[in-house]
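Student: I would like the atomic coordinates for the input below:
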Amino acid sequence: MDAAPEAFPPAVPTGSETGSDTGSDTGPTTALLTDQYELTMLRAALADGTAHRRAVFEVFARRLPHGRRYGVVAGNGRLLDALERFSFDEETVAFLRGRGIVDVTTADWLRDYRFRGNIWGYAEGECYFPGSPILVVEGTFAEAVLLETLALSIYNHDSAIASAASRMTAAAGSRPIVEMGSRRTHEYAAVASARAAYVAGFASTSNLAAGRCYDLPTAGTSAHAFTLLHDSEEEAFAAQVAALGADTTLLVDTYDVREAVRTAVEVAGPGLGAVRIDSGDLAVLAHDVRAELDALGATGTRILVSGDLDEYAIAGLAAAPVDIYGVGTALVVGSGYPTAELIYKLVARSEGTEADSPMEGVAKLSTGKPTHKGRKWAHRRLEDGTAVAEVVCTHPECTVDGGRQLLVPLVTDGKIVGREPIAAARERHLRSRAELPPTALKLSRGEPVLPTTYDEHAARHERSANTEHTGQLEQTGHTGREGGAR
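Tutor: Take a look at the predicted model:
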């Protein structure tokens, strides 16, 4: 069996998730977690002298996945960890030279590579909408272009998972959800998924690597195999209670659910912690099991349900006497949308290579894929505490009545400054989601709950550049309306 490539590292804890402000650059390089064209562009730009032009790239979504009303930013912490290890050691450079991907000049440049620019982003856990500049990367073209694949692979995955998780936690209300999707995805994606789900409100994870890397609460007891191992269900329950105590969760749907509930209470007593139902008509069974537990005096025993749950199934169980949900497959595949559809685009570059060379906005004019030129600043406009618009400006002096700024510094002059405990991102998400209009929490398909508007300065700039192009933008929902900016 082939060994896992060393250039594809597992999640590495850096202290950032547990509250420490000190990182670690230990572990294998992340520089090859990229597409080849990043290096071939670099090679050509070094050859013609444009590599040293100042450049601004932005990560944003042209649209949300079909029918979604908001997205959730996740992955900041993982990007900063990966960025710290994004360097080209001799072994990596030798690989690139051996494949003919880079020439001698490019190889020499890569040996000294560290990102020395600036990065701003929406704080982790924040909600976003089409056109939201959730990540702004500023540096030379050479140093910034290399981060495209790394940034997109992290944010597209983690934001998709967090967006799905947010819909699930909103549907669950005050009832906790356990993440248990590790067996349904790639082993490293499982760790990232558990982290993103926690940011969006999940209570715990079954994944021990995620628990260790990010200090997440972990949970888990037994599978049907443990019951089948024993000569009887009673023996299996007795063994589990003896090992884990009466507060454990007993799986009661291996054979007959009602009989298993009676056996569970006989073995563990009325102080049994919980029972888990993993199949069948969960709503009907939850009512039956609750009645049986109460009749047996186990009024404090909780009911955990699992088995192909998603946000719709969770919402459908709102009236059932369920205490905890367990979600696996639907979570780790983004509940039908495994990517957030984010893109990384050049929006501004300098006219020359000098530090004081003026910047000019650039944009794609491709049919169906236009972009807005110029470096962006973003605000969320609120009225009476409720968000009403995402306002994107193209000048730093822009202010928005009743708005709050959304971009925060993550990297300054190459130094990571944006690390925070994962608990902060989790709390931020609850606040960000709570300020959205109530329609944001509807599970029916709908348009983004907030419009993304561009300030008048940006709109004039776009129109003077290409009137027809502006019309294309309006057709995609990227309008030039003023939106309260001045």
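Student: for this structure, what helix or strand is lowest in average pLDDT?
Tutor: Among the helical and strand segments of the chain, the one scoring lowest on mean pLDDT, DSSP states H and E is helix 467-475, with a mean of 38.
Student: sec struct for Gly131, please.
Tutor: Three-state secondary structure (criterion: DSSP: H, G, I helix; E, B strand; the rest coil) places Gly131 in coil.
Student: And Phe88, by the same measure?
Tutor: Counting by three-state DSSP, the backbone at Phe88 sits in coil.
Student: correct me, but it touches Thr34?
Tutor: No. Contact criterion C-beta atoms under 8 Å: Phe88 and Thr34 do not qualify, at 10.7 Å. Every C-beta, even on glycine, is put in place using the N, C-alpha and C of the backbone.
Student: quick one: which of those two has more around it?
Tutor: Using other C-beta atoms under 10 Å, the more surrounded residue of Phe88 and Thr34 is Phe88, with 24 against 18.
Student: mind checking how far that one is from Val241?
Tutor: Note on Phe88: its distance to Val241, by C-beta to C-beta, to the nearest Å, is 55 Å.
Student: same check, this time on Ala378
Tutor: Ala378 sits 54 Å away from Val241, going by C-beta to C-beta.
Student: repeat for Leu110
Tutor: Going from Leu110 to Val241 by C-beta to C-beta gives 59 Å.
Student: And those two? Which one has more around it.
Tutor: Set side by side, Leu110 and Val241 show more neighbours around Leu110, with 23 against 19, by other C-beta under 10 Å.
Student: Need phi/psi at Leu79.
Tutor: The phi/psi pair for Leu79 (degrees, to the nearest 10) reads phi -60, psi -40.
Student: how many neighbours does it have?
Tutor: The tally of other residues near Leu79 (other C-beta under 10 Å) stands at 27.
Student: show me what contacts it?
Tutor: Going by C-beta atoms under 8 Å, 6 or more residues apart in numbering, Leu79 touches 150-151, 154-155, 410.
Student: Thr140 too?
Tutor: By C-beta under 8 Å, 6+ apart, Thr140 lies in contact with 51-55, 117.
Student: Keep only those of those that are in strands.
Tutor: Taking DSSP state E, the ones among those that sit in strands are 54-55.
Student: Go through the contacts of Thr140 and say which is closest to Ala45.
Tutor: Ala51 (3.7 Å; C-beta to C-beta).
Student: is it true that that closest one touches Gly139?
Tutor: No. Assessed by C-beta under 8 Å, Ala51 is found out of contact with Gly139, at 11.0 Å.
Student: Could you give the number of residues near the residue lying closest to Ala239 once chain neighbours are set aside?
Tutor: The shortest distance from Ala239 to any non-neighbouring residue, by C-beta to C-beta, 6 or more residues apart in numbering, is to His230 (6.7 Å). Around His230 sit 14 other residues, with neighbours defined as other C-beta under 10 Å.
Student: From Ser193, how far off is His230?
Tutor: Distance of His230 to Ser193, computed by C-beta to C-beta: 32 Å.
Student: all helices for the stretch 351-486 of the chain, in order.
Tutor: Ranges of helices within the stretch 351-486 of the chain are 422-434, 456-465, 467-475, based on DSSP state H, counting those that start in this stretch.
Student: returning to what we had before: adding neighbour count, write the contacts of Thr140 out as TSV.
Tutor: Formatted as TSV, these follow (neighbours: other C-beta atoms under 10 Å):
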residue	neighbour count
Ala51	21
His52	16
Arg53	18
Arg54	22
Ala55	25
Gly117	19
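Student: could I have stretch 205-215 exported to CSV, CA atoms only?
Tutor: C-alpha atoms of stretch 205-215 as CSV (Å, rounded to 0.1, in the frame of the first residue of the first chain):
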residue,chain,number,x,y,z
THR,A,205,-17.2,15.6,17.8
SER,A,206,-16.4,11.9,17.7
ASN,A,207,-13.1,12.6,15.9
LEU,A,208,-10.2,12.3,18.4
ALA,A,209,-7.6,14.0,16.1
ALA,A,210,-9.9,17.0,16.0
GLY,A,211,-10.3,16.9,19.7
ARG,A,212,-6.5,16.9,20.2
CYS,A,213,-5.6,19.4,17.5
TYR,A,214,-8.3,22.0,18.3
ASP,A,215,-9.2,21.1,21.9
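Student: could you give me the average pLDDT of it?
Tutor: The predicted model assigns stretch 205-215 a mean pLDDT of 97.
Student: List the buried residues of it.
Tutor: Neighbour-count burial for stretch 205-215, counted by 16 or more other C-beta atoms under 10 Å, picks out 205-207, 209-211, 213-215.
Student: Tell me which two of these sit farthest apart.
Tutor: Using C-beta to C-beta, the buried residues of stretch 205-215 span at most 15.5 Å, a distance reached by Ser206 and Asp215.
Student: right, and Arg290 touches Thr301 too?
Tutor: No. Checked against C-beta under 8 Å, the pair Arg290 and Thr301 is beyond contact range at 9.1 Å.
Student: out of these two, which sits in the busier spot?
Tutor: Taking neighbours as other C-beta under 10 Å, Arg290 and Thr301 compare with Thr301 leading, 28 against 21.
Student: and that one, what is it in contact with?
Tutor: Contact partners of Thr301, counting by C-beta under 8 Å, 6+ apart, are 265, 270-275, 293.
Student: same thing but 7 Å
Tutor: Contacts for Thr301 (C-beta atoms under 7 Å, 6 or more residues apart in numbering) come out as 272-275, 293.
Student: Give me the subset of those lying in strands.
Tutor: If you go by DSSP E, the contacts of Thr301 have 274-275 in strands.
Student: ranges for the strands of the stretch 201-350 of the chain?
Tutor: Assigned by DSSP state E, counting those that start in this stretch, the strands in the stretch 201-350 of the chain fall at 204-205, 249-251, 274-277, 302-305, 324-327, 342-350.
Student: Name every strand pairing with the second one and say which way it goes.
Tutor: Its sheet considered, strand 249-251 pairs with strand 274-277 (parallel) by DSSP bridges.
Student: Where do the helices of the stretch 101-250 of the chain begin and end?
Tutor: Under DSSP H, counting those that start in this stretch, the stretch 101-250 of the chain gives helices at 104-111, 141-145, 148-172, 187-199, 208-214, 224-229, 233-244.
Student: Ser366: how many residues sit nearby?
Tutor: Using other C-beta under 10 Å: Ser366 sits among 10 other residues.
Student: I meant Ala243, not that one.
Tutor: Residues lying near Ala243 (other C-beta under 10 Å) number 10.
Student: pLDDT score assigned to it?
Tutor: Confidence for Ala243, expressed as pLDDT, is 98.
Student: for the strands of the stretch 201-350 of the chain, which one sits closest to Ser166?
Tutor: Taking C-beta to C-beta, strand 324-327 is the member of those nearest to Ser166, at 12.4 Å.
Student: Pull out the buried residues from that closest one.
Tutor: Quick answer for strand 324-327 (16+ other C-beta under 10 Å): 324-327.
Student: Now stretch 411-431 - C-alpha only, CSV.
Tutor: These are the backbone C-alpha positions of stretch 411-431, laid out as CSV (Å, rounded to 0.1, in the frame of the first residue of the first chain):
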residue,chain,number,x,y,z
VAL,A,411,-1.3,39.0,8.6
THR,A,412,0.7,42.3,8.8
ASP,A,413,4.0,42.7,6.9
GLY,A,414,4.3,38.9,6.9
LYS,A,415,3.6,38.5,10.7
ILE,A,416,0.6,36.5,11.7
VAL,A,417,-1.6,38.8,13.9
GLY,A,418,-5.0,37.3,13.6
ARG,A,419,-4.9,34.1,15.7
GLU,A,420,-7.7,33.6,18.2
PRO,A,421,-9.2,30.8,20.3
ILE,A,422,-11.7,28.8,18.3
ALA,A,423,-14.3,29.6,21.1
ALA,A,424,-14.1,33.3,19.9
ALA,A,425,-15.1,32.2,16.4
ARG,A,426,-17.9,30.1,17.7
GLU,A,427,-19.3,32.9,19.8
ARG,A,428,-19.0,35.3,16.9
HIS,A,429,-21.0,33.1,14.6
LEU,A,430,-23.9,33.0,17.0
ARG,A,431,-23.9,36.8,17.2
